[in-house]
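Asker: Sequence and predicted model, in that order:
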Amino acid sequence: MLRNKLARNSSGTVRNYIDGIEYKPDGTTIDIIHTEEGIARRSGNNYIYEYNLSDHLGNVHYSFNQNGTKYAVR
């Protein structure tokens, strides 16, 4: 199985990305899970699901969470 791994250093904080999963700087705690529909963002011990409506080129025009709260309109 091919795995893509990336570490990004921003302002002295290292974020690890492995196959669409983004880890907190401690390297062991999952922070965000990226999916085709959007992301699942960690909030305490739960995840908040944010969905994206995209055009045929993959550009996100509208994002909202499972409660219907709007995040972005482009």
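Answerer: Received, thanks.
Asker: separation between Arg42 and Leu57?
Answerer: 29 Å (Cβ to Cβ, to the nearest Å). The C-beta positions use only the backbone N, C-alpha and C, and glycine is treated the same way.
Asker: Spatially, and excluding backbone neighbours, which residue is closest to Asn65.
Answerer: Leaving out its chain neighbours, the residue that sits closest to Asn65 by Cβ to Cβ, 6 or more residues apart in numbering is Glu50, at 5.2 Å.
Asker: tell me the contacts of that neighbour?
Answerer: Counting by Cβ atoms under 8 Å, 6 or more residues apart in numbering, Glu50 makes contact with 38-41, 63-65, 71.
Asker: Name the strands paired with the longest strand seen in the chain and say parallel or antiparallel.
Answerer: The single longest strand within the chain, with elements called by DSSP state E, is strand 46-54. When sheet partners are counted by DSSP bridges, strand 46-54 sits next to strand 38-43 (antiparallel), strand 60-65 (antiparallel).
Asker: Least confident of those strands, on average?
Answerer: Mean pLDDT is lowest for strand 60-65 among the strands paired with strand 46-54, at a mean of 88.
Asker: Restricting to C-alpha, output it in CSV.
Answerer: Extracted C-alpha coordinates of strand 60-65, given in CSV (Å, rounded to 0.1, in the frame of the first residue of the first chain):
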residue,chain,number,x,y,z
VAL,A,60,-15.4,24.9,-2.9
HIS,A,61,-18.2,27.4,-3.1
TYR,A,62,-20.1,26.6,0.1
SER,A,63,-19.2,24.9,3.4
PHE,A,64,-21.5,24.0,6.3
ASN,A,65,-21.5,21.7,9.3
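Asker: Run the chain-centre distance for it.
Answerer: Strand 60-65 sits 13 Å away from the centroid of its parent chain (Cα atoms, centre = their mean, to the nearest Å).
Asker: can you count the residues close to Gly38?
Answerer: Neighbourhood size, Gly38 [other Cβ atoms under 10 Å]: 19.
Asker: Spell out which residues sit in contact with it, please.
Answerer: So Gly38 contacts 49-52, 63 (Cβ under 8 Å, 6+ apart).
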